[in-house]
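# one predicted model, sequence on top.
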Amino acid sequence: MFAEATRTRLSAAGVVPVVVINDAAQAVPLARALLAGGVGVIELTLRTAAGLDAIKAIATEVPDMLVGAGTVLTTEQVREVHAAGAAFAVAPGTSRTTLAAALEVGLPFAPGVMTPSDIETAMTMGCRMLKFFPAESAGGVPHLKAMSAPYAHLGVKFMPTGGIKSGQLADYLAVKTVAAVGGSWLATAAQIDAGDWDAITAQAADAMAIVRQARG
Ligand SMILES: O=C[C@H](O)COP(=O)(O)O
Ligand SMILES: CC(=O)C(=O)O
């Protein structure tokens, strides 16, 4: 369901800042701060009312940023984020209804998985890029390695997210099936609300140094 070009851009980024935004006006400076640190992907969740407008603003004004929508839970939200210009969408879980809507509009969708049954349901719906959520509380790297082993030869890739901090980034990136690691540590709510763009750029640059080292 993910086009090769989108998979390539996600893998090149290696990290996905997961952002809960309170004011859509923060979206463009945030995206530029991340890009300045070398991070070319962002996931804006629909957990706040500003999420949809933030997606629209970045898709329109920061074309170098691959913008994804998070917490996409309904068919209506699939259509809304697609219309807003999201390049991909994710959800905490796997819903056949939501995935069917994404297939219908042609929106790349990475559903959330934490069991082999979740993975197989997602694969039945054509997904090969999956969000491993909630990564840390579900068992972290050892769980991902064990769970993904039977599907690796089929090209299934994962975006682990949930409770991950910068100190764990290298361990996740060392797992062959990991495309990119998601987390809020790359742009915290406090930093966004304070407009602390320099700190976000510095965090992005630190994360990209770890990604480069992990990818050789
Ligand atoms: O639900 C949580 C987000 O998807 C990621 O945030 P976190 O990195 O703070 O766990
Ligand atoms: C957790 C997650 O992936 C989401 O909110 O979409």
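Yep, it's here. Ligands and ions are numbered 1, 2, ... in the order given.

# stretch 183-194 vs ligand 1: in contact?
Yes - residues of stretch 183-194 contacting ligand 1 under C-beta under 6 Å from any ligand atom: 183, 184, 185. Heads up, the C-betas are built off the backbone N, CA and C, glycines and all.

# and that stretch with ligand 2, contact?
No - Stretch 183-194 does not reach ligand 2 (C-beta under 6 Å from any ligand atom); its nearest approach is 9.9 Å.

# picking that back up, now the residues of stretch 183-194 next to ligand 1 in TSV, with neighbour count and pLDDT?
Output for these, formatted as TSV (neighbours: other C-beta atoms under 10 Å; pLDDT from 0 to 100):
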residue	neighbour count	pLDDT
183	25	97
184	19	97
185	18	96
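
# quick one: which of those sit in helices?
If you go by DSSP state H, these have nothing in helices.

# now those in a markdown table, with distance to residue 117?
Below are the residues of stretch 183-194 next to ligand 1 laid out as a markdown table (distance: C-beta to C-beta, whole Å):
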| residue | distance to residue 117 |
| --- | --- |
| 183 | 25 |
| 184 | 27 |
| 185 | 30 |
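
# which one of these sits closest to residue 76?
residue 184 (25.3 Å; C-beta to C-beta).

# OK, contacts around that closest one?
17, 18, 19, 20 (C-beta atoms under 8 Å, 6 or more residues apart in numbering).

# if we use 10 Å, what do you get?
Listed by C-beta atoms under 10 Å, 6 or more residues apart in numbering, the contact partners of residue 184 are 17, 18, 19, 20, 43, 45, 161, 162, 163, 164, 165, 192.
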